[in-house]
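J.: structure here, sequence nowhere to be found:
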């Protein structure tokens, strides 16, 4: 269909429909209202269901229920709303229900601000609920990536029978950009996908206790729960991290950032390279699992320092960056917070200062 | 010899109820199983268990079942029923689950007229956690978190869910019953059957509240609990049909 001009939130919504998402529940919160608004119109066109939940708590539990029928299901929110998902997401992880959710992040903590932010990094990557479960967390830096990642997230969720999170932000959610939308799954494909989950889906089965669907987010038996947690840990360990490694071979300064900050940082790297200054970039694409191995590719013989750029104060991703760098180069941070958007000039200045060392 | 009675296929063959003496959960689980069997829908039924003693049903029922986070059963059922309308879906919830932590989900699902069935077991106390104050605890009734009894000045008054839900336009059916006598057990079965038949007919939200005893946490034996049920609980929670459309 070629490229179309779309807002990030709308691209996420349309990509979900094209991936075969047929159930959405969500509660209004800025800056992601375009997603429920779009889907309230779009889902009925493809025989899907849109429900405006009475809260984020209800919404995530509706999605937990819909996911149990084998239906590709999604909910979206922003930061303080995503906090209310914690219990439901933990239930999805424990009961092995594939669902997709999106955080179009805003300033925090608490109600914070409605402007873009990256202050939910630790919540998204380390503890999105109780019990130590993990999820694949994808961080888009363009509207195109937001659409592609949303589309792909449903496959990952089904593959692992685990929730998948898109960690976006208010910039990606609200800017308009040209985007090439992924191909729409046919109705036959959508039906076949749902049917493929029939053996465990909680929709009613012929009476046979051994083969009934018994969705168990918990058990009274510690030994059984430990076995389940071990199996989950093995699955988490099998995940391949993804990152963009840009101009690292001779880089004297390596900027590292994810999402919208990475996009701003990359333009700084390009500007510096044009002036003969040797800058490079590491951009985690999966912020969980974190691409620690990418930091092995830095040429520590020439690298004067790492610049961690985040729209978060205090810096959050830097904890993972430290584990990747392992003390082989100094790490500085370039930060803003509360809804302020990172400025290119600020990143450039911080990078130049590091180079002068 | 003619077989005149057998265990419902809705309960697993080899299971023996582990509920406390005098508890009515096992009677209700049996009634639900019989109704689903009579309506010939057991193989397309999903039970959404609330948290607490209600969740113990998972070990007895023979059909598909899932567990909602505490209070969220009506939201989970919304997701299941909306994406699989042919599935017969019901929630099974206690008073703490449905009327305290899940009040928002209950009211909103009822207000949307969701086409599933709610079986609400009201014994006026938190059972599994050990006798804490519930939204339905009677005034003066002792709880482990209100050792001097429910005091309206501090705790407010018992909540009447059928009466509250009856303020909404959408619900199709609201009835309060009990299982304290054979007559009332039969009436409860009729109510449960109607609530499921309504779902099959697409009539929308149907809720059956069953006022029961909790001898363990009321600190009484099973027989005294029945007296308390009749003398105190029914006075606060009168039995009857509140809505039938």
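T.: Nice, thanks for sending it over. Not measured: the values here are computed from a predicted model.

J.: next secondary structure after the helix or strand hosting residue A:333?
T.: Assigned by DSSP states H and E, residue A:333 belongs to strand A:331-335. Where DSSP H and E defines the elements, the next helix or strand beyond strand A:331-335 is helix A:344-355.

J.: and that next one, which residues are buried?
T.: A:346, A:347, A:348, A:350, A:351, A:354, A:355 (16 or more other C-beta atoms under 10 Å in any protein chain shown). No exception for glycine: its C-beta is placed from N, CA and C like everyone else's.

J.: ditto for stretch A:165-184
T.: A:165-175, A:177, A:179, A:181, A:184.

J.: interface residues of chain B facing chain A?
T.: By the rule C-beta under 8 Å from any C-beta of the partner chain, the part of chain B lying against chain A is B:9, B:12, B:41-46, B:48, B:58, B:62-69, B:72, B:75-80, B:82-84, B:86-88, B:104-105, B:107-108, B:112.

J.: is it true that residue A:104 touches residue A:36?
T.: No - applying C-beta atoms under 8 Å, one finds residue A:104 not in contact with residue A:36, separated by 11.3 Å.

J.: joint contacts of these two?
T.: Here residue A:104 and residue A:36 have residue A:76 as joint contacts, going by C-beta atoms under 8 Å, 6 or more residues apart in numbering or on different chains.

J.: got a list of what residue A:251 touches?
T.: Neighbours of residue A:251 in contact, by C-beta under 8 Å, 6+ apart: A:278, A:279, A:280, A:298, A:299, A:302, A:303.

J.: only the buried subset of those residues, as a ChimeraX command please.
T.: In ChimeraX, a selection of the buried entries from the contacts of residue A:251 looks like this (16+ other C-beta under 10 Å):
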select /A:278,279,280,298,303
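
J.: can you give me the distance of the nearest residue to residue A:243 once chain neighbours are set aside to chain B?
T.: Of all residues not flanking residue A:243 in the chain, residue A:291 sits nearest, at 3.6 Å (C-beta to C-beta, 6 or more residues apart in numbering or on different chains). Residue A:291 is 33 Å from chain B, where distance means C-beta to the nearest C-beta, to the nearest Å.

J.: just residue A:93 next, same as before
T.: Separation of residue A:93 from chain B (C-beta to the nearest C-beta) stands at 12 Å.

J.: contacting residues for that residue?
T.: A:129, A:131, A:133, A:134, A:135, A:162, A:163, A:232.

J.: next, give phi and psi for it.
T.: Phi and psi for residue A:93, reported as degrees, to the nearest 10, are phi -70, psi -40.

J.: which residue is nearest the centroid of chain A?
T.: Nearest to the mean C-alpha position of chain A, by C-alpha atoms, centre = their mean, lies residue A:166 at 2.3 Å.

J.: so what's it closest to, chain neighbours aside?
T.: Here the residue nearest residue A:166, using C-beta to C-beta, 6+ apart, is residue A:102, at 4.3 Å.

J.: wouldn't the one you found be in contact with residue A:13 here?
T.: No - with contact defined as C-beta under 8 Å, residue A:102 does not count as touching residue A:13 (9.4 Å).

J.: so for those two, which residues contact both of them?
T.: Joint contacts of residue A:102 and residue A:13 (C-beta under 8 Å, 6+ apart) are residue A:35.

J.: thinking residue A:2 is in contact with residue A:180, fair?
T.: Yes - contact criterion C-beta under 8 Å: residue A:2 and residue A:180 qualify, at 7.1 Å.

J.: can you give me the strands for the chain?
T.: In the absence of a named chain, chain A is used. Secondary structure of chain A, counting by DSSP state E: strands at A:3-7, A:23-26, A:49-52, A:73-77, A:100-105, A:136-138, A:164-169, A:176-180, A:243-246, A:253-256, A:279-284, A:286-288, A:305-310, A:331-335.

J.: meant chain B actually
T.: Here chain B has its strands, by DSSP E, at B:45-49, B:64-67, B:88-94, B:117-122, B:173-178, B:206-211, B:240-244.

J.: residues in contact with the fifth one?
T.: Put plainly, it is strand B:173-178. Counting by C-beta under 8 Å, 6+ apart, B:162, B:165-166, B:184, B:187-188, B:191, B:194-195, B:198, B:203, B:205-212, B:229, B:234, B:237-245 sit against strand B:173-178.

J.: phi first, then psi, for residue B:129.
T.: Phi and psi for residue B:129, reported as degrees, to the nearest 10, are phi -80, psi -10.

J.: burial check on it, number of neighbours?
T.: 14 (other C-beta atoms under 10 Å in any protein chain shown).

J.: quick check: closest non-adjacent residue to it.
T.: Nearest non-adjacent residue to residue B:129 (C-beta to C-beta, 6+ apart): residue B:52, at 7.0 Å.

J.: for residue A:44, give me its contacts.
T.: Residue A:44 neighbours (C-beta under 8 Å, 6+ apart): residue A:50.

J.: where does pLDDT dip in the stretch 1-150 of chain A?
T.: A:1 (pLDDT under 70).

J.: all helices for it, in order.
T.: With DSSP state H, counting those that start in this stretch as the criterion, the stretch 1-150 of chain A has helices at A:8-18, A:34-45, A:56-68, A:80-83, A:86-95, A:121-125, A:143-160.

J.: what's the answer for the stretch 201-350 of chain A, then?
T.: Using DSSP H, counting those that start in this stretch, helices in the stretch 201-350 of chain A cover A:222-238, A:259-274, A:318-325, A:344-355.

J.: picking up where we left off before, of the buried residues of helix A:344-355, closest to residue B:140?
T.: residue A:346 (65.5 Å; C-beta to C-beta).

J.: counting neighbours, what do you get for the closest residue to that closest one other than its chain neighbours?
T.: In space, and not counting its chain neighbours, residue A:346 is closest to residue A:334: 6.3 Å by C-beta to C-beta, 6+ apart. With neighbours defined by other C-beta under 10 Å, the count for residue A:334 comes to 24.

J.: show me what residue A:334 is bridged to.
T.: Note on residue A:334: beta-bridge partners by DSSP bridges are residue A:309.

J.: was I right to think it contacts residue A:309?
T.: Yes - counting by C-beta under 8 Å, residue A:334 does reach residue A:309; the two are 4.7 Å apart.

J.: about what we covered before: going by neighbour count, which of the contacts of strand B:173-178 are buried?
T.: Counted by 16+ other C-beta under 10 Å, the contacts of strand B:173-178 give B:162, B:165, B:184, B:187-188, B:191, B:194-195, B:198, B:203, B:205-212, B:229, B:234, B:237, B:239, B:242-243 as buried.

J.: against residue A:8, how distant is residue A:38?
T.: 11 Å (C-beta to C-beta, to the nearest Å).

J.: what do you get for residue A:197?
T.: In terms of C-beta to C-beta, residue A:197 sits 29 Å off from residue A:8.

J.: the more surrounded of the two?
T.: residue A:8 (31 against 20).

J.: contacting residues for the more buried one?
T.: A:104, A:140, A:143, A:146, A:168, A:171, A:172, A:173, A:174, A:175, A:176, A:177.

J.: between residue A:104 and residue A:36, who's got more neighbours?
T.: residue A:104 (31 against 24).

J.: spell out which parts of the stretch 251-357 of chain A neighbour chain B.
T.: Counting by C-beta under 8 Å from any C-beta, the stretch 251-357 of chain A has no residue next to chain B.

J.: residue of the stretch 251-357 of chain A closest to chain B, please.
T.: Going by C-beta to the nearest C-beta, chain B is nearest to residue A:288 of the stretch 251-357 of chain A, at 23.1 Å.

J.: what about the residue of chain B found nearest chain A, how many neighbours?
T.: Using C-beta to the nearest C-beta, the closest approach of chain B to chain A is made by residue B:79 at 2.7 Å. A count of nearby residues for residue B:79, using other C-beta under 10 Å, gives 31.

J.: quick check: closest non-adjacent residue to it.
T.: Leaving aside its sequence neighbours, residue B:79 sits nearest to residue A:65 (C-beta to C-beta, 6+ apart; 2.7 Å).
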